[in-house]
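Chemist: Predicted model and sequence follow; I will ask about them next.
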Amino acid sequence: MTPFRPDSISNAMNDASYRDAIFSTPLDRVASFSFDEQVVACFPDMIRRSVPGYGQILGMLGVIAARHLRHGAHVYDLGCSLGAVGLALAGRLSPEAFTLTGVDLSPAMVERARTTFAQECPHHAIEVVEGDIRHFNYRASGMIVLNFTLQFLAPSDRDAVIEKLYEALEPGGVLVLSEKIVAADEEENAWLVERYHDFKRANGYSELEISQKRTALENVLIPDTLEAHHARLARAGFPRSQTWFQYLNFASLIAFKN
Ligand SMILES: C[S@@+](CC[C@H](N)C(=O)[O-])C[C@H]1O[C@@H](n2cnc3c(N)ncnc32)[C@H](O)[C@@H]1O
Ligand SMILES: O=C(O)C(=O)C[C@]1(C(=O)O)C=C[C@@H](O)C=C1
């Protein structure tokens, strides 16, 4: 089995990735952020430098799957982008241990994810489907992962999606939800956002890049509080959920179905 090296999981993709310089020059009008060809080309670099703990979360997803997934069960990776979650699971679990469907709305992401899986883990039963997770027909599954995806849905669509996922999970199944979050307390939130911007500076982003990206994400990425996430999971039927990871204003939750 591969040694546990959380930060190296998406190396296969990073090798083929350009450095993110999308917001490095002044733009007359900052368009809303979208997962287009330009973002796809630099996505592994962008997400690693923009999401605190991204590599750690991916590494732990394999460990969580090894512990919670019934042998041979199905897994969904919703908003799979370039397939990092599938790669993380394939790095820890044998091809017999699970099947996986990645779903993403962006054709450019789907195309590259398919190529990556074919090259990196040809023996694992992993498919990538272009589709909208709000209207997808889910089959029974043992684990569902939303790694920084729910935050991009309109808040009014979020309850219905989580309810559908609760229904799709088998008894004993788990849902893992990673999200950018907002703190209800204004001062606490301000500190988290300021340190998050420091984190981006430390990762080589300029003031211009930070501010233009912030504008591009306005009304596109709408974060909830941790309390709102746990309340939504409870409303959908999950008897128990807990926050298992937090690094600044980024967190990951796990919800258990009895
Ligand atoms: C931040 S990225 C996810 C990163 C990825 N899960 C990972 O761990 O590397 C969000 C993804 O969600 C996808 N997405 C957004 N809305 C969607 C929807 N309604 N249905 C399917 N995919 C969606 C975007 O195309 C994008 O690829
Ligand atoms: O750059 C930011 O401010 C982010 O919120 C990071 C974030 C995310 O959380 O999904 C935003 C867009 C890209 O998908 C990559 C990372």
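Modeler: Looks like it came in fine. The structure presented is a predicted model; accordingly, all values stated were derived computationally and were not measured. Ligands and ions are numbered 1, 2, ... in the order given.
Chemist: interface residues of the protein facing ligand 1?
Modeler: Within reach of ligand 1 by Cβ under 6 Å from any ligand atom, the chain has these residues: 35, 47, 79-81, 84-85, 103-106, 109, 132-134, 147-149, 152-153. C-beta: built from backbone N, CA, C; applies to glycine.
Chemist: Name all residues that make contact with the one residue in the stretch 1-150 of the chain that gets nearest to ligand 2.
Modeler: Ligand 2 sits closest to Ser50 of the stretch 1-150 of the chain, with a gap of 3.7 Å, by Cβ to the nearest ligand atom. Neighbouring residues of Ser50 by Cβ atoms under 8 Å, 6 or more residues apart in numbering: 20, 200, 203, 205, 213.
Chemist: Need the max-distance pair from the residues you listed.
Modeler: The span of the contacts of Ser50, defined through Cβ to Cβ, is set by Asn203 and Lys213 at 12.3 Å.
Chemist: Low-confidence ranges, this structure, go.
Modeler: Low-confidence segments of the chain (pLDDT under 70): 1-16.
Chemist: which parts of it sit against ligand 2?
Modeler: 46-47, 50-51, 148, 180, 213, 217, 221.
Chemist: From these, list just the buried residues.
Modeler: The neighbour-count criterion (16 or more other Cβ atoms under 10 Å) marks 46-47, 50-51, 148, 180, 213, 217 among the residues of the chain next to ligand 2 as buried.
Chemist: Those in helices, which ones?
Modeler: Filtering those for membership in helices, criterion DSSP state H, returns 46-47, 50, 213, 217.
Chemist: Which two of these have the greatest separation?
Modeler: Ile47 and Leu217 (13.2 Å).
Chemist: can you give me the strands in the stretch 51-200 of the chain?
Modeler: 73-78, 98-104, 125-130, 141-147, 169-180 (DSSP state E, counting those that start in this stretch).
Chemist: which helices and strands sit right next to the first one?
Modeler: When you say that, I think you mean strand 73-78. Identification of packing neighbours for strand 73-78 by 3 or more Cβ pairs under 8 Å, 6 or more residues apart in numbering; DSSP states H and E yields helix 84-92, strand 98-104, strand 141-147, helix 155-168.
Chemist: For the residue of the stretch 151-258 of the chain found nearest ligand 1, list the residues it contacts.
Modeler: Ligand 1 sits closest to Phe152 of the stretch 151-258 of the chain, with a gap of 4.1 Å, by Cβ to the nearest ligand atom. Residues near Phe152 by Cβ under 8 Å, 6+ apart: 79, 220-221.
Chemist: Can you name the residue of this protein nearest ligand 1?
Modeler: Proximity of the chain to ligand 1 (Cβ to the nearest ligand atom) peaks at Gly79, 2.8 Å away.
Chemist: give me the number of residues near that residue?
Modeler: Using other Cβ atoms under 10 Å, Gly79 has 22 other residues around it.
Chemist: Show the contacting residues for the residue nearest in space to the middle of the chain.
Modeler: Centroid check for the chain by Cα atoms, centre = their mean gives Asn147 as the closest residue, at 1.8 Å. Applying Cβ under 8 Å, 6+ apart to Asn147 gives the contacts 57-58, 61, 77, 79, 84-85, 176, 178, 252.
Chemist: May I have the beta-bridge partners of it?
Modeler: Here Asn147 sits in beta bridges with Ser178, as judged by DSSP bridges.
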